[in-house]
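K.L.:
coords please:
(chains A and B)
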Number of protein chains: 2
Amino acid sequence: MSLDATLRKDTDAVIPGGLWGHQNVTRYGMGDYTPQFFSRAKGGRVWDVDGKEYIDFMAGYGPIVLGPNDPDVEAAAQAQRETGVVFNGPSPILVEVSKYVVDLIPHADWVLFSKNGTDATTQCVTIARSATKKRKVLMAKGAYHGAVPWCSPSLVGVTAEDRAHIVLYDFNDHTSLLAAAKPHLSDLACVLVSAFKHDLGRTHEMPAAAFLQAARKLCDDTGAALICDEVRAGMRIHMQGTWEVVEGHGVRPDLAAWSKAVANGYPLAFVTGNNKFRKGAANIYATGSFWTESASLAAGLATMKKLVRIDGPRRMHELGTKLRDGINEQARKWGVPIEQSGPPQMPVILFPDDKFGKWERGHVFVKEAMKRGVYMHPTHTMFVNVCLTDKDIEDALKVTDAALEVVAKQFGYRSSL
Amino acid sequence: MSLDATLRKDTDAVIPGGLWGHQNVTRYGMGDYTPQFFSRAKGGRVWDVDGKEYIDFMAGYGPIVLGPNDPDVEAAAQAQRETGVVFNGPSPILVEVSKYVVDLIPHADWVLFSKNGTDATTQCVTIARSATKKRKVLMAKGAYHGAVPWCSPSLVGVTAEDRAHIVLYDFNDHTSLLAAAKPHLSDLACVLVSAFKHDLGRTHEMPAAAFLQAARKLCDDTGAALICDEVRAGMRIHMQGTWEVVEGHGVRPDLAAWSKAVANGYPLAFVTGNNKFRKGAANIYATGSFWTESASLAAGLATMKKLVRIDGPRRMHELGTKLRDGINEQARKWGVPIEQSGPPQMPVILFPDDKFGKWERGHVFVKEAMKRGVYMHPTHTMFVNVCLTDKDIEDALKVTDAALEVVAKQFGYRSSL
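P.N.:
Take a look at the predicted model:
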């Protein structure tokens, strides 16, 4: 029995369902061909517990943006650890990183730190309600904003009241947004918009300028907060916010939720907001035992500074574009219809001939890639990292070529060349 | 201007209200005499940013149970950091720590890890609802179970629907518990009980055996989950659960929420549960980007093992008893009416002549203690730590004696000796 199989068996005994949430590979139908446990990561590579090496395009589902064990991040965290990390009040690093974030993010006049992306999205909604004294939350159908009852993708254990004030619209469809808002104009607390559409198994889409403008105007007209959920995308597309790369819109959010990549794997999240919502934010009660824990704050500061210094988003864009262009060319060569979407730093690779929910071609493609040492995902956003090299991309492309060949043969596609 | 004052000014500009939550010293009326920022901790001592040293009875509001930078905990965390900490799946340390917790905690057949105490309490409620398909949550008046809308101590930004299924009872009053349950017997999801009553500014109370038995019977009769909130108390009173020290009750919870002390300052929380609630737990969706982060899991394992090995709760009990006995004797000497409550490991010191919400004597006492280098809190549970020495307690008692003398003089108490 492989070590992975042994560990899965052991875990089944002590963790309900084997493992919670997004890292449970059986949830994605990947259980048969993907390792569940990992033992090591270095540069752009990860090793599973049985010693197999992969070029990694998941980066721990997003956090590892500079690569594992980045020396600058580790040195900053270690310096804090040596003094102690949880005191009866914050250490001065809180002030330093707060100032840095407020200087970096154009819409930000202030910041609140926490530990989970869900902490940050939940706080955004609470702050919006605190400031506006209104209740309704406009949210895109199918969008992921966290894993607690008000926004969980599952309704198990959730009451109707938890969702009483959630109103759904279609992402990037401003007619739908305004129609959804119309019955609630006098009770609108906020409009929650993902940095870009990155729903599981769906084509990823950047927001359209007209959509962002309509959302901004709706908020300006009603006093509601425009909230950008940057948890998954933040610090990967543009250091000042993902919407900065949407041309010709001029829209900035009132509040934004950040996590994942902001501290290169250290548990950190934050909300940024403008002065219109400062009092609303000061009035809510939200806290956690580890929210001023200084090693993570120092890691966050070092991560953001380094991403700015090396222009991380540009480098990830280059690497992602090289991967995408290569795969597109291979798909054409093998005659396999393919759809690569999302910003190149955060791709999803879908096969238009796959049925939603089955993803047969996607599973074959990813299984063949895994077999040959490339860790990809059939339905979730992937993450291209700064620490990948051009050589890693070239090696990965050799593998995707072979994987696409298998897809072509298995599903009867013929080269059109 | 002191460095603390400068940092407060800087923080006011970039963090709404100066600082969120429980660490904001102005929320407790301590703003004028307590430092807000800390730079270093060692053994039982902390240093504020202006270099003043304190014997510490707050331990970061609970996490620092073995003392800052415990060598065993740091070595375990460092070993994980060297391999990388956030992967596309957990590292084997997850299995090891899960097994350890399930072996350690008598009621536990399984465990789920997360990052905040609030993550764990929220999951307990969601699991209870998932398993029972019922909705009502019985909760003690004034109890703190976290800082999100369903349980926050503040109603700012909270909607009526967030609390729609919360039903209140009086802690330790089984008549009140049963009366509160009565209208909801067919819709009861859970009974939430703090490990002991540790409400802000109130006399702390261990649960009575009769109360625990009534809660257990109510849950057994209705199928509801009995949930113990161990977030603040866990691993300080008894390694197998706080209720183990309540004599003659034989009650164990179905679900329990743990955090704070479990990883000596590393951000970690978990839910433990029995097999009756395993399927309910497997069916909910709850996840976080950092919930398998392996440095914190390793720190948790090392912390719990060491607390067991050295019998941490017993040592904290000894230290806390020495402090309590000493202060009681001093209070008698100065003729100051005083009420020390809570288990000796987690004391609160109140002055019965103080008005609730004003705490004039409490503030004078703590201010005078702070001045002389002892960090205490006028209203919140304090935390006695393993790393305090007998000499620390003796030094602290010299200070409390002087502080009580000031209270006696200022409020006109006379020695009764």
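
K.L.:
what does the stretch 251-400 of chain A have sitting close to chain B?
P.N.:
Contact residues, the stretch 251-400 of chain A versus chain B (Cβ under 8 Å from any Cβ of the partner chain): A:259-260, A:265-267, A:273, A:278-293, A:296, A:375. The C-beta positions use only the backbone N, C-alpha and C, and glycine is treated the same way.

K.L.:
where are the low-confidence patches of chain A?
P.N.:
Within chain A, the ranges that satisfy pLDDT under 70 run A:416-417.

K.L.:
What is the burial count for the closest residue to residue A:70 other than its chain neighbours?
P.N.:
Leaving aside its sequence neighbours, residue A:70 sits nearest to residue A:264 (Cβ to Cβ, 6 or more residues apart in numbering or on different chains; 5.5 Å). Residue A:264 has 34 neighbours, counted by other Cβ atoms under 10 Å in any protein chain shown.

K.L.:
residues contacting residue A:264?
P.N.:
Each residue near residue A:264 by Cβ atoms under 8 Å, 6 or more residues apart in numbering or on different chains is listed here: A:63-67, A:70, A:73, A:299, A:302-303.

K.L.:
Apply 7 Å and report the result again.
P.N.:
Going by Cβ atoms under 7 Å, 6 or more residues apart in numbering or on different chains, residue A:264 touches A:63-66, A:70, A:73, A:299, A:303.

K.L.:
Where do the helices of chain A begin and end?
P.N.:
A:3-14, A:71-83, A:93-104, A:117-132, A:174-181, A:209-222, A:278-283, A:294-309, A:312-334, A:360-371, A:390-410 (DSSP state H).

K.L.:
Tell me which residues are up against the first one.
P.N.:
Counting by Cβ under 7 Å, 6+ apart, the neighbours of helix A:3-14 from elsewhere in the structure are A:18-19, A:35-37, A:48-50, B:92, B:95, B:98-99, B:102, B:110-111.

K.L.:
Over to the fifth one?
P.N.:
Contacts with helix A:174-181, where a contact means Cβ under 7 Å, 6+ apart, come from A:138, A:167-170, A:188, A:210-211, A:214-215, A:218.

K.L.:
do the shortest one as well
P.N.:
Counting by Cβ under 7 Å, 6+ apart, helix A:278-283 makes contact with A:109-110, A:112, A:127, A:130-131, A:273, B:16-17, B:156, all of which sit outside it.

K.L.:
now these: which count as buried?
P.N.:
Buried subset of these (neighbour count, 16 or more other Cβ atoms under 10 Å in any protein chain shown): A:109-110, A:112, A:127, A:130-131, A:273, B:16-17, B:156.

K.L.:
and of the contacts of helix A:174-181, the nearest to residue A:412?
P.N.:
Nearest to residue A:412 among the contacts of helix A:174-181: residue A:170, at 34.6 Å, using Cβ to Cβ.

K.L.:
how about that closest one, what does it touch?
P.N.:
A:140-141, A:176.

K.L.:
Only the buried members of the residues you listed: can you turn that into a PyMOL selection?
P.N.:
Only the buried members of the contacts of residue A:170 enter the following PyMOL selection, criterion being 16+ other Cβ under 10 Å:
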select buried, chain A and resi 140+176
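
K.L.:
buried set for stretch A:142-149?
P.N.:
Buried-residue list, stretch A:142-149, by 16+ other Cβ under 10 Å: A:143-149.

K.L.:
from the residues you listed, which single one is nearest residue B:118?
P.N.:
Scanning these for proximity to residue B:118, where the rule is Cβ to Cβ, the winner is residue A:148, at 9.3 Å.

K.L.:
Okay, the residue nearest to residue A:372 when sequence neighbours are not counted and chain B: tell me how far apart.
P.N.:
Leaving out its chain neighbours, the residue that sits closest to residue A:372 by Cβ to Cβ, 6+ apart is residue A:399, at 4.2 Å. Remark: distance between residue A:399 and chain B (Cβ to the nearest Cβ, to the nearest Å) = 17 Å.

K.L.:
How about the contacts made by residue A:399?
P.N.:
Counting by Cβ under 7 Å, 6+ apart, residue A:399 has contacts A:369, A:372-374.

K.L.:
Of the residues you listed, keep whichever come out buried.
P.N.:
Neighbour-count burial (16+ other Cβ under 10 Å) applied to those gives A:369, A:372, A:374.

K.L.:
Dump these to CSV, plus distance to residue B:243.
P.N.:
Formatted as CSV, these follow (distance: Cβ to Cβ, whole Å):
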residue, distance to residue B:243
A:369, 51
A:372, 54
A:374, 51
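
K.L.:
Of those residues, just say which sits nearest to chain B.
P.N.:
residue A:374 (12.2 Å; Cβ to the nearest Cβ).

K.L.:
what sits against the closest one?
P.N.:
A:54-55, A:396, A:399-400.

K.L.:
By neighbours, which of those wins?
P.N.:
residue A:396 (27 neighbours).

K.L.:
Quickly note the distance from that residue to residue A:312.
P.N.:
19 Å (Cβ to Cβ, to the nearest Å).

K.L.:
Show the contacting residues for the residue nearest the centre of chain A.
P.N.:
The centroid of chain A falls nearest to residue A:232 when counting by Cα atoms, centre = their mean (1.7 Å). Going by Cβ under 7 Å, 6+ apart, residue A:232 touches A:62, A:198, A:260, A:381.

K.L.:
Identify the farthest-apart pair in these.
P.N.:
A:198 and A:260 (11.7 Å).

K.L.:
neighbour-wise, which of these two wins?
P.N.:
For residue A:198 versus residue A:260, the count of surrounding residues by other Cβ under 10 Å is larger for residue A:260: 28 against 23.

K.L.:
The more buried one: what's it in contact with?
P.N.:
A:62-63, A:117, A:231-232, A:234, B:289.

K.L.:
how about a cut-off of 8 Å?
P.N.:
Residue A:260 makes contacts with A:61-63, A:117, A:231-232, A:234, B:289, as judged by Cβ under 8 Å, 6+ apart.

K.L.:
go on, residue A:90?
P.N.:
A:292, A:294, A:297, B:19, B:23, B:36-38 are the contacts of residue A:90 under Cβ under 8 Å, 6+ apart.

K.L.:
Redo those as CSV? Include distance to residue B:391 and neighbour count.
P.N.:
What follows is the contacts of residue A:90, written out as CSV (distance: Cβ to Cβ, whole Å; neighbours: other Cβ atoms under 10 Å in any protein chain shown):
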residue, distance to residue B:391, neighbour count
A:292, 29, 27
A:294, 28, 25
A:297, 33, 29
B:19, 33, 26
B:23, 28, 24
B:36, 28, 23
B:37, 27, 27
B:38, 22, 27
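
K.L.:
Looking at those, which one is closest to residue B:203?
P.N.:
Within those, proximity to residue B:203 (Cβ to Cβ) peaks at residue B:23, which comes in at 23.8 Å.

K.L.:
With adjacent residues omitted, what lies nearest to that closest one?
P.N.:
Closest to residue B:23 by Cβ to Cβ, 6+ apart is residue A:89, at 5.2 Å.

K.L.:
re the thing from before, now, the most widely separated pair of the contacts of residue A:399?
P.N.:
A:369 and A:373 (8.2 Å).

K.L.:
and the gap between the residue in the stretch 251-400 of chain A that chain B sits nearest to and residue B:122?
P.N.:
Relative to chain B, the nearest point of the stretch 251-400 of chain A is residue A:287 (2.3 Å; Cβ to the nearest Cβ). Relative to residue B:122, residue A:287 is positioned 14 Å away (criterion: Cβ to Cβ).
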